[in-house]
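[1] Okay, here's the prediction I keep looking at, along with the sequence it came from:
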Amino acid sequence: QTLKLRRERKKMGRGKIEIKRIENANNRVVTFSKRRNGLVKKAKEITVLCDAKVALIVFASNGKMTDYCCPSMDLGAINEIDRIKKENDNLQLELRHLKGEDIQSLNLKNLMAVEHAIEHGLDKVRDHQA
């Protein structure tokens with residue numbers, strides 16, 4: 001009887017899920033967080049177990065970046081990750097400015113640049129519609 005139960009449990013295992021976008025925002029954030037952490041854990045494990053050089057960069061939908069770089073990676077790769085991280089931060093800030101967010105910290109010159117970029121974008125949209 002016990003052996004039969006074990007076999008049945010083995011057959012059940014974890015259910016397969018359909019791979020598609022999770023519609024519920026809270027569930028999506030939780031799933032992202034768990035899977036991201038799982039990826040980082042696996043990256044660390046493969047580094048130790050297989051003496052592999054691993055670098056991992058994950059961008060959340062809000063632009064937040066998570067990275068892992070194994071200790072044996074050369075300085076050039078680490079610097080490149082730092083450069084990409086800074087560039088991403090700058091692009092996220094620029095996007096917020098274009099959306100009208102966080103503009104109180106901008107000086108007149110920067111505000112005029114944002115205004116010009118928005119006007120240029122509007123011109124392109126109008127040209128496309130015509």
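    Received the coordinates, thanks.
[2] Check the gap between N24 and V30 for me.
    As judged by Cβ to Cβ, to the nearest Å, N24 and V30 stand 9 Å apart. (Glycine included, C-beta is placed from N, CA and C.)
[3] Between these two, tell me which one has more neighbours.
    The residue with more neighbours, out of N24 and V30, is V30; 12 against 9, by other Cβ atoms under 10 Å.
[4] Pull out the buried residues from the host helix or strand of that one.
    Using DSSP states H and E, V30 sits in helix 25-50. For helix 25-50, a neighbour-count test (16 or more other Cβ atoms under 10 Å) marks V40, A43, T47 as buried.
[5] Would you reformat those residues as CSV and include pLDDT and distance to H128?
    As requested, these are exported to CSV (pLDDT from 0 to 100; distance: Cβ to Cβ, whole Å):
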residue, pLDDT, distance to H128
V40, 95, 41
A43, 95, 42
T47, 93, 48
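[6] Where does the prediction get shaky in this structure?
    Low-confidence segments of the chain, defined by pLDDT under 70, span residues 1-15, 75.
[7] which residue ranges form the strands in it?
    When assigned using DSSP state E, the strands of the chain occupy the ranges 55-59, 65-69.
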